[in-house]
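> Pasting the sequence and the predicted coordinates here, then a few questions.
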Amino acid sequence: MSELMEHDLVERGVPKEKIVRFAHDADSTSEEAAALAHFAEERKWKSVVLVTSNYHSRRARYIFQKVFPAGIVVSVGSARDGILTRNAGGRSGSHKTFCAEMMGMLVGPVGITRDGSR
């Protein structure tokens, strides 16, 4: 998967030497944010651009901004996601996804600490 993402970035003009692969083992967005915050701090980065699904971007932004140290700016870009496109009947196939994200916004971020734990 990361090879495909790297290929897409290079095709869009990102210099290959500027792409950093981030290998991690996370079970949640908050664990991923904590791992990336540590990774970014080690490298003394001043900013991070997080690219995620458009339906997940609001919750991801909230979690990443809560977990990341104040000295690192977190920007979020949303990518188009096929799950949110309308089917042939004109209905959105995203009701389940939308509800899951809204529940995640209500319940998930409560009490997140900088290490990604709750």
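That came through fine. No experiment lies behind these values; they were computed from the predicted model shown.
> neighbours around His20, how many?
For residue 20 the amino acid is Val, not His. By other C-beta atoms under 10 Å, 9 other residues sit near Val20. From N, CA and C alone the C-beta is placed, and that goes for glycine too.
> got it, and Glu3?
Residues contacting Glu3 under the criterion other C-beta under 10 Å number 8.
> do you know how far it is from His56?
Glu3 sits at a distance of 22 Å from His56 (criterion: C-beta to C-beta, to the nearest Å).
> sec struct for Arg44, please.
Actually, residue 44 is Lys. It isn't Arg. At Lys44 the chain is in coil, as set by DSSP: H, G, I helix; E, B strand; the rest coil.
> Okay, it and Glu17: tell me how far apart.
To Glu17, Lys44 is 18 Å away according to C-beta to C-beta.
> Same question for Ala70.
29 Å.
> now do Phe39
Applying C-beta to C-beta, the value for Phe39 to Glu17 is 18 Å.
> again with Glu6
Taking C-beta to C-beta, one finds Glu6 at 11 Å from Glu17.
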